[in-house]
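Student: Generate coordinates for the sequence data below:
(one chain, ligands or ions: 3)
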Amino acid sequence: MMTHAFGAPRHIVLVGFMGTGKSTVSRLLAEQIGCLAVDMDAEIERRIGRDIPSIFAQEGEAFFRRVESEVLAALLASEDSSIIATGGGAVLAQSNCDLMLKQGMVVALTAQPEHIIARVRGDENRPLLQGDVEERVNKLLADRKHAYAFAPLQIDTTALEAQAVADLIAEQWKATVR
Ligand SMILES: Nc1ncnc2c1ncn2[C@@H]1O[C@H](COP(=O)(O)OP(=O)(O)OP(=O)(O)O)[C@@H](O)[C@H]1O
Ligand SMILES: O=C(O)C1=C[C@@H](O)[C@@H](O)[C@H](O)C1
Ligand SMILES: [Mg+2]
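Tutor: Ligands and ions are numbered 1, 2, ... in the order given. Next up, the predicted model:
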């Protein structure tokens, strides 16, 4: 179980573009550290009772972003420590970033565009990447050039296995909560 020094962050929050490995790494980290992994996208689907593409199609992105902010705030308010895999766009609201920094150790995962494209190609669960995946990824990456820079810890996952990424974060976490 995790123990906490006074004032130490309660949660580990993973941010990053789609396909950088937040969901995968969160599950590995949870096993390693011994706490719950929560995937915000899955939590939103559970709360609304529909999958992400349907929520985007039927309610629109603005609705999705409102629910995303509510889910994030609820998870961060929990007394129980967790590893939170955020959705790729959860950082688009400054208020979300401020909350993450206040309540968690925020880690940004990055990867070279070609690797992101290879990892997300063929996955129909990402409504913002439908159509020409390469074009969509490059456009969104340009729009979000600085969106993940607020995280104090940045890990380039391009040449790392997901387990190696989890190991790096676990090491940093142990040093932080000691
Ligand atoms: N370090 C890595 N090296 C190679 N492949 C990886 C790595 N991390 C994750 N992957 C693979 O990339 C794909 C996307 O990973 P994952 O779903 O964890 O990304 P994500 O950041 O949660 O994306 P999203 O924001 O869309 O939820 C998966 O197929 C996963 O197995
Ligand atoms: O980057 C984004 O804006 C998104 C990423 C996914 O995790 C989902 O939250 C959704 O597909 C939107
Ligand atoms: Mg994910």
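Student: For the helix or strand Val137 falls within, buried residues please.
Tutor: Val137 is located in helix 133-143, with elements delineated by DSSP states H and E. Residues 133, 136-137, 140-141 are the ones in helix 133-143 that count as buried (16 or more other CB atoms under 10 Å). For glycine as for every other residue, the C-beta is placed from the backbone atoms N, C-alpha and C.
Student: any chance of those in CSV, with distance to Ala162 and pLDDT too?
Tutor: Formatted as CSV, the buried residues of helix 133-143 follow (distance: CB to CB, whole Å; pLDDT from 0 to 100):
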residue, distance to Ala162, pLDDT
Val133, 21, 95
Arg136, 23, 96
Val137, 19, 97
Leu140, 22, 98
Leu141, 20, 98
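Student: Distance to Leu28 added to those, as a markdown table?
Tutor: As requested, these are exported to a markdown table (distance: CB to CB, whole Å):
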| residue | distance to Leu28 |
| --- | --- |
| Val133 | 26 |
| Arg136 | 28 |
| Val137 | 24 |
| Leu140 | 26 |
| Leu141 | 25 |
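Student: Relative to Asn125, which of the residues you listed is nearest.
Tutor: Val133 (12.7 Å; CB to CB).
Student: What is the neighbour count of the residue lying closest to the closest one once chain neighbours are set aside?
Tutor: Residue nearest to Val133 in three dimensions, not counting chain neighbours: Arg121, with 5.3 Å by CB to CB, 6 or more residues apart in numbering. Counted with other CB atoms under 10 Å, the neighbours of Arg121 add up to 12.
Student: How about the contacts made by the nearest residue to Ser95 once chain neighbours are set aside?
Tutor: With sequence-adjacent residues excluded and distances taken as CB to CB, 6+ apart, Ser95 is closest to Ser69, at 7.2 Å. If you count contacts by CB atoms under 8 Å, 6 or more residues apart in numbering, Ser69 has them with 90, 93, 95-96.
Student: and those as a markdown table, adding secondary structure and distance to Val15?
Tutor: Formatted as a markdown table, these follow (DSSP: H, G, I helix; E, B strand; the rest coil; distance: CB to CB, whole Å):
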| residue | secondary structure | distance to Val15 |
| --- | --- | --- |
| Ala90 | helix | 7 |
| Ala93 | coil | 12 |
| Ser95 | helix | 14 |
| Asn96 | helix | 9 |
